[in-house]
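what would the 3D arrangement of this be:
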Amino acid sequence: MGTPEVAVVTVQPEKATLTTELPGRTSAYLVAEVRPQVSGIIQKRLFTEGSEVKAGQVLYQIDPAPFQATLDNAKAALGRAEANLPAIRLRAERIRELLVDKAVSRQDYDDAAAALMQVEADVLYWKATVESARINQGYTRITAPISGRIGKSNVTEGALVTAHQPVSLSTIQQLDPIYVDVTQSTADQLRLERGLEAGRLNQDGMNQNKVTLILEDGTKYPLKGTFQFRDVSVDSTTGSVILRVVFPNPKHILLPGMFIRAEVREGVNKQAILIPQQAVSRDLKGNPVALIVNGEGKVAQRMLTLDRAIGDKWLVSAGLASGERVIVEGMQKARPGAAVKVVPFNETQTGHGPAAVPDEQPKKRSDGGK
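Numbers count the residues shown, from 1 in each chain. Below is the predicted model of the structure:
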């Protein structure tokens, strides 16, 4: 039968960037529920549902007539109090001068001083009342607290609204940038920390905080996100923590509530051992194994510990050493302990044996085939 031929790759440590895909959901960067601060009738709705609004833009107009009347009444009362103030102040000063000459009693002076203090207090009270009425009148113009995209309106013109009602008039959400909250299990977090402590992984500087997003249809989001923080509490029902990432969203492709997958960078392994996935098989117990060719040219079996798949290769964390030759093709013909012929594995070709030579056309015989 001859010596079987196998294609092998020589194990060489290489630099590999380790990433992991985590599920998550998008949420708005800022959310503001629009509610009235005074009670009244909605006269006008001054925005288009689903449009972009700016902070301070008027959204609703409540009937201002009652509040204008209250403001005018407070101004009139303030004017009356201020009109009485000069006369009472002068009277108190004259009585104080007469008290020095003992032309009036001490009681007269105390009464005049008390009357002055009362009028001054009335002036302060009505000033505060005017300011309060002016604020309430301003609240009849319901404005946008933040810039963003506004949703549907929950009230129409002519509706009665009350101050601080539980049902919002509308909701504004800022979508650029946008948050992406992904979940990471505590087991993965501990594994990552152990890898960093053991020196198997190195942080990649500023690139460590960059996150790639995979949309629901499997396409990659064109812009990178920035890792912001990791939550300090663990969800007791799932055993996971929340990672928050901020993504730019200028075209509003990402909308709140979308399910996505985030590709988070864990670090860089500068001594990673990668072998093609077809070089790994499973034994009867499901454990990963690979066949190698030792220094004597014979086949030997190795038990492997696999970390993860990177592209079309397996990252091997234990079981192989640098310089060993792993069989990729021809494993069906190789048996442990048998001698084999080794050829290099070529990833661009499917076969690695000698090139097939096309059959030659039969030569014409000069004797006419006799």
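
where does the chain have low pLDDT?
Applying pLDDT under 70 to the chain flags the ranges 1, 193-208, 348-370.

show me which residues of the longest helix along it are buried.
Taking DSSP state H as the criterion, the chain has its longest helix at helix 65-100. By neighbour count with 16 or more other Cβ atoms under 10 Å, helix 65-100 contains the buried residues 66-67, 70-71, 74-75, 77-78, 81, 84, 88, 92, 95, 99. C-beta coordinates here come from the backbone N, C-alpha and C atoms, glycine included.

and the residues you listed, which is closest to residue 257?
Closest to residue 257 out of the buried residues of helix 65-100 is residue 67 (38.5 Å), distances taken as Cβ to Cβ.

didn't the closest one look like it was pressed against residue 38?
Yes. Residue 67 lies in contact with residue 38 (Cβ atoms under 8 Å); the separation is 6.9 Å.

related to what we said a few turns ago, mind putting the buried residues of helix 65-100 in TSV, distance to residue 107 included?
As requested, the buried residues of helix 65-100 are arranged in TSV below (distance: Cβ to Cβ, whole Å):
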residue	distance to residue 107
66	46
67	45
70	40
71	40
74	35
75	36
77	30
78	31
81	25
84	22
88	17
92	14
95	10
99	10
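
taking these together, which two end up most distant?
Maximum pairwise distance among the buried residues of helix 65-100 (Cβ to Cβ): 48.7 Å, between 66 and 99.

so who does residue 124 touch?
Under the criterion of Cβ atoms under 8 Å, 6 or more residues apart in numbering, residue 124 has no neighbours.

returning to what we had before: overlap of the contact sets of residue 67 and residue 38?
136, 139, 140.

what separates the strand or helix carrying the first one from the chain centre, distance-wise?
Assigned by DSSP states H and E, residue 136 falls within helix 106-138. The chain centroid and the centroid of helix 106-138 are separated by 54 Å under Cα atoms, centre = their mean, to the nearest Å.

got the buried residues for that helix?
Residues 109, 112, 116, 119, 122-123, 126, 129-130, 133-134, 136-137 are the ones in helix 106-138 that count as buried (16+ other Cβ under 10 Å).

now do the longest helix of the chain against helix 106-138, angle only.
Taking axes from the mean of the first three to the mean of the last three Cα atoms, to 10 degrees, one finds helix 65-100 and helix 106-138 inclined to each other by 160 degrees.

next, count neighbours for residue 172.
Look at residue 172: counted by other Cβ atoms under 10 Å, it has 25 neighbours.

pretty sure it belongs to a strand, no?
Yes. Assessed with DSSP: H, G, I helix; E, B strand; the rest coil, residue 172 lies in a strand.

across the sheet, point out what pairs with it.
residue 32, residue 150 (DSSP bridges).

and it, what does it touch?
Residue 172 makes contacts with 30-32, 34, 53, 144-151, as judged by Cβ under 8 Å, 6+ apart.

what do you get if the cut-off is 7 Å, keeping everything else the same?
Contacts for residue 172 (Cβ atoms under 7 Å, 6 or more residues apart in numbering) come out as 32, 34, 53, 144, 146, 148, 150.

tell me which two in the residues you listed are the farthest apart.
Among the contacts of residue 172, 34 and 148 lie farthest apart (Cβ to Cβ), at 11.2 Å.

from the contacts of residue 172, which is closest to residue 180?
In terms of Cβ to Cβ, no member of those lies closer to residue 180 than residue 148, at 17.2 Å.

for burial, what's the neighbour tally of that closest one?
Residues lying near residue 148 (other Cβ under 10 Å) number 22.

quick one: it from residue 46, how far?
The gap separating residue 148 from residue 46 is 16 Å, by Cβ to Cβ, to the nearest Å.

what's the answer for residue 144, then?
Look at residue 144 and residue 46: by Cβ to Cβ, they are 10 Å apart.

these two: which is more packed in?
Of the pair residue 144 and residue 46, residue 144 is the one with more neighbours under other Cβ under 10 Å, namely 19 against 14.

name all residues that make contact with that one.
53, 54, 55, 56, 57, 59, 172.

thinking again about what came up before, mutual contacts of residue 144 and residue 46, please.
By Cβ under 7 Å, 6+ apart, residue 144 and residue 46 have these common neighbours: residue 59.

what's the helix or strand for the closest residue to residue 269 other than its chain neighbours?
Nearest residue to residue 269, sequence neighbours excluded (Cβ to Cβ, 6 or more residues apart in numbering): residue 16, at 5.1 Å. Using DSSP H and E, residue 16 sits within strand 14-34.
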